[in-house]
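# Pasting the sequence and the predicted model now:
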Amino acid sequence: MRTYIRTKAKGGRYFFTVNLAERQNNDLLIANIELLREAFRITKRQHPFIIDACVILPEHLHCIWQLPDGDNDFSTRWRLIKSHFSKNITLNERLTLCTGRLILI
């Protein structure tokens, strides 16, 4: 089991890698890129943050975010992004998502 030490610097910059649990032959993220973008937009309206960089690959993504001064709650932001994305994909894709959930590492 991996143990991650996460810094919670308020107003800090954070690097994230987010993976689908089943990465092999899975293009869920790029096949639904507009839904993923919308999930980011909705979350940014509710909980502002700056995306310094973001790379979306078929089964994982990398992001660098800057949170507002006095804020270190990246967990809520990821929860909302994952939730918005998951709730808006079609039934067939939802079955894939059940076995290929997004995992924050």
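Nice, I can see it.
# tell me the centre residue of the protein?
In the chain, the centroid-proximal residue (Cα atoms, centre = their mean) is Trp78; its distance is 5.1 Å.
# quick one: that one from Tyr14, how far?
To Tyr14, Trp78 is 10 Å away according to Cβ to Cβ, to the nearest Å. C-beta coordinates here come from the backbone N, C-alpha and C atoms, glycine included.
# Repeat that for Gln66.
8 Å.
# Likewise for Leu29?
From Leu29 over to Tyr14 the distance is 19 Å, taken as Cβ to Cβ.
# what does Ile42 give?
Taken as Cβ to Cβ, the span from Ile42 to Tyr14 is 20 Å.
# returning to what we had before: looking at Gln66 and Tyr14, which has the bigger crowd around it?
More crowded of Gln66 and Tyr14, by other Cβ atoms under 10 Å: Tyr14, with 18 against 14.
# where does the more buried one land in three-state SS?
Secondary structure assignment for Tyr14 (DSSP: H, G, I helix; E, B strand; the rest coil): strand.
# How about Leu61?
Classification of Leu61 using three-state DSSP returns strand.
# what's around it, how many residues?
Using other Cβ under 10 Å, Leu61 is surrounded by 18 other residues.
# ok, which stretches of this protein are helices?
Ranges of helices in the chain, per DSSP state H, are 28-31, 33-46, 74-87, 91-99.
# Now the first one: buried residues?
Pointing back at helix 28-31 there. Across helix 28-31, burial judged by 16 or more other Cβ atoms under 10 Å covers Leu28, Leu29.
# just the third one next, same as before
Neighbour counts over helix 74-87 (16+ other Cβ under 10 Å) mark Phe74, Arg77, Trp78, Leu80, Ile81, Lys82, His84, Phe85, Ser86 as buried.
# And the residues you listed, which is closest to Glu34?
Nearest to Glu34 among the buried residues of helix 74-87: Phe85, at 10.6 Å, using Cβ to Cβ.
# how close does the closest one get to Phe40?
Distance, Phe85 to Phe40, using Cβ to Cβ: 9 Å.
# go on, Ala9?
Ala9 is 22 Å from Phe40, by Cβ to Cβ.
# ok, those two, which is more surrounded?
Using other Cβ under 10 Å as the criterion, Ala9 and Phe40 rank with Phe40 on top: 20 against 10.
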